[in-house]
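Asks: Using only what follows, build the 3D model:
(2 chains)
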Amino acid sequence: MSNKKATVFVRLKDGVLDPQGITIQKAILNMGYDQVVSVRSGRFFELEIKAESDNTTEKIDQICSKLLSNPVIENYTVEYE
Amino acid sequence: MKFGVVTFPGSNCDYDAYTAIKVLGEEVDFLWHKSPDLQNSDVIILPGGFSYGDYLRSGAIARFSPIMKSVKKFAGSGGPVIGICNGFQVLLESGLLPGALLRNSHLRFSGKYIYIRVENNSTIFTSACQPGEILKIPIAHMDGNYYNFDGEIEELKKHSQIIFRYCDKDGNTNDLGNPNGSVYNIAGISNKEGNVIGMMPHPERAVEELLGSSDGLRIFESIAKSFSKGLAVERA
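Replies: Numbering: from 1, shown residues only, chains lettered A, B, ... in the order given. Below is the predicted model of the structure:
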């Protein structure tokens, strides 16, 4: 059995100021692309998980809320394959 | 009384904090992040720097080091803990203080003298300050933009947990005096109980006139004063 893979996406919650996103959006405008009205930045993590592990979803959720995201300002989603 | 300064991998203001306590004239020791032993410290200082390279988020990894379990227990039993700059970030990530620090609104690292106003002088850490006293203290950070939801800011106000606010040299808490975009010009907050405080400015870098200001000493003098007035903490 091959290992499982989880991809975690961490995003700022709606309403939380994203200075990086704002700056990137300004750069896009300066490049002449005036279609882009907003940019929100985030990050992702690829986790390789032992194939035989139990309660994977639950454990990945714990890792996400305790470490990979800061629940005060961020949300996360996980995609498994 | 004895101060304990925690050294994480990447801390770089631990020696400054140590020296500030020497200038104050009290006992001080370094505490190593891998050991849970607080060495009978009466006050814990989490210093500035870039603990664990600021990987993931500032303070996010340091929170899981063995010493932080002891610091949490110490804080829970009323022990005074002060987090400065990266130490503030560690306290927020640990959940010992509410809120989060975002990247500075101008996206640049900012290192300069700024002014803060004492909003609450009835804490362990500000007892030697006058109400509204203006302190000239340097900042040095990239992620110092204090953020919390509107409702939470109201809670902080209600419980007098906002200890320092950025201001101009005359004490006006306006945009001009705000170096990083912090909500409500917040530079430092405490927990509800008042025994844990976090601040972005570096008081330990302003303890001698030779350095440009000795206003930072007011914070450490306050702690010593609070102790001399009988603040004793039962050690766990």
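Asks: Find the closest residue to chain A in chain B.
Replies: B:Ala100 (4.4 Å; C-beta to the nearest C-beta). To be clear about C-beta, it is placed using only N, CA and C from the backbone, and glycine gets the same treatment.
Asks: So A:Leu12 versus chain B, what's the distance?
Replies: 9 Å (C-beta to the nearest C-beta, to the nearest Å).
Asks: do A:Gln25 as well
Replies: Using C-beta to the nearest C-beta, we find A:Gln25 at a distance of 13 Å from chain B.
Asks: For that residue, grab the count of nearby residues.
Replies: A:Gln25 has 18 neighbours, counted by other C-beta atoms under 10 Å in any protein chain shown.
Asks: quick one: it is in a helix?
Replies: Yes: assessed by DSSP: H, G, I helix; E, B strand; the rest coil, A:Gln25 belongs to a helix.
Asks: which residues sit in contact with it?
Replies: Contacts here follow C-beta atoms under 8 Å, 6 or more residues apart in numbering or on different chains; on that basis A:Gln25 touches A:Val36, A:Val37, A:Ser38, A:Val39.
Asks: which one of those has the most neighbours?
Replies: By neighbour count, taken as other C-beta under 10 Å, the most surrounded of the contacts of A:Gln25 turns out to be A:Val39 (15 neighbours).
Asks: On the three-state scheme, it is what?
Replies: Going by three-state DSSP: A:Val39 is coil.
Asks: contacting residues around it?
Replies: With C-beta under 8 Å, 6+ apart, A:Val39 has these contacts: A:Asp18, A:Gly21, A:Ile22, A:Ile24, A:Gln25, A:Ile28.
Asks: ok so, going back, hmm, the residue of chain B closest to chain A is touching A:Pro71, no?
Replies: No: between B:Ala100 and A:Pro71 there is no contact under C-beta atoms under 8 Å: 9.4 Å.
Asks: All the strands of chain A, in order from the start?
Replies: Using DSSP state E, the strands of chain A run over A:4-12, A:42-49, A:74-80.
Asks: can you pull the buried residues of the longest one?
Replies: Which is strand A:4-12. When burial is assessed from 16 or more other C-beta atoms under 10 Å in any protein chain shown, strand A:4-12 yields the following buried residues: A:Lys4, A:Ala6, A:Val8, A:Phe9, A:Val10, A:Arg11, A:Leu12.
Asks: where's the dip in pLDDT among the residues you listed?
Replies: When these are compared by pLDDT, A:Lys4 scores lowest at 90.
Asks: ok, and the closest non-adjacent residue to residue 71?
Replies: No chain was given, so I picked chain A. Leaving aside its chain neighbours, A:Pro71 sits nearest to A:Ser65 (5.8 Å; criterion: C-beta to C-beta, 6 or more residues apart in numbering or on different chains).
Asks: switch to chain B, that's the one I care about
Replies: B:Ile44 (5.6 Å).
Asks: and that neighbour, how many residues sit next to it?
Replies: Neighbour tally, B:Ile44, other C-beta under 10 Å: 23.
Asks: and whichever helix or strand it is part of, what does it pack onto?
Replies: Using DSSP states H and E, B:Ile44 maps to strand B:43-46. Other helices and strands packing on strand B:43-46, by 3 or more C-beta pairs under 8 Å, 6 or more residues apart in numbering or on different chains; DSSP states H and E, are strand B:2-7, helix B:66-76, strand B:81-84, helix B:86-94.
Asks: okay, among the contacts of A:Gln25, which ones form the most distant pair?
Replies: Pairwise distances across those peak at 8.9 Å for A:Val37 and A:Val39 (criterion: C-beta to C-beta).
Asks: returning to what we had before: on the pLDDT front, check the residue nearest to B:Val71 for me.
Replies: According to the prediction, B:Ile44 has pLDDT 98.
Asks: Report whether the expected contact of B:Gly198 with B:Gly188 is present.
Replies: Yes: counting by C-beta under 8 Å, B:Gly198 does reach B:Gly188; the two are 6.3 Å apart.
Asks: For the residue of chain B closest to chain A, give me its contacts.
Replies: Residues near B:Ala100 by C-beta under 8 Å, 6+ apart: A:Asn70, A:Val72, A:Ile73, B:Leu92, B:Tyr146, B:Tyr147, B:Asn148.
Asks: switch to 6 Å and redo it
Replies: Under the criterion of C-beta atoms under 6 Å, 6 or more residues apart in numbering or on different chains, the neighbours of B:Ala100 are A:Asn70, A:Val72, A:Ile73, B:Leu92, B:Tyr147.
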